[in-house]
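Enquirer: sequence first, then the predicted structure:
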Amino acid sequence: VQLQASGGGLVQAGGSLRLSCAPSGIIFSISAMRWYRQTAGKERDLVAAITSGGSTDYAGSVKGRFTISRDSAKNTVYLQMNSLKPEDTAVYYCNVDGKRTPWDARMHAFWGQGTLVTVSS
């Protein structure tokens, strides 16, 4: 099972984009869901996270501009990005913790393939 991220694209500074991420199959017992971003030559940084209970956390650089949400029935996570800045340009990756089967003894990390967000000045 892989995660499929979508919604990236080219937008002018000040604009908005909404990213979506859904699994290609079934992931059981999903707990935390997250969005990361990465630029060339740099590490992948955590942008936003949401727990199974709906608690959220954000990187300081996006707080107040980005909103993470989830649809637990669809196992889908979203990232609403407003007031975009050129420094938000990156490949965005989704990540969830879950189980491959209902009887799986441990949680696994599932990753999406990334979606490119480009913000022009």
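Expert: Right, received. Where do you want to start?
Enquirer: now do the same end-to-end measure for stretch 84-104.
Expert: Terminal residues of stretch 84-104 are spaced 40 Å apart (CA to CA, to the nearest Å).
Enquirer: let me see the contact set for the residue nearest the centre of the chain.
Expert: When CA atoms, centre = their mean is applied to the chain, the residue found nearest the centroid is residue 35 (2.7 Å). By CB atoms under 8 Å, 6 or more residues apart in numbering, the contact list for residue 35 reads 19, 21, 46-49, 68, 77, 79, 92-95. To be clear about C-beta, it is placed using only N, CA and C from the backbone, and glycine gets the same treatment.
Enquirer: do the same with residue 26
Expert: Contact analysis of residue 26 by CB under 8 Å, 6+ apart lists 1, 75.
Enquirer: go again using 7 Å as the cut-off
Expert: With contact taken as CB atoms under 7 Å, 6 or more residues apart in numbering, residue 26 is in contact with residue 1.
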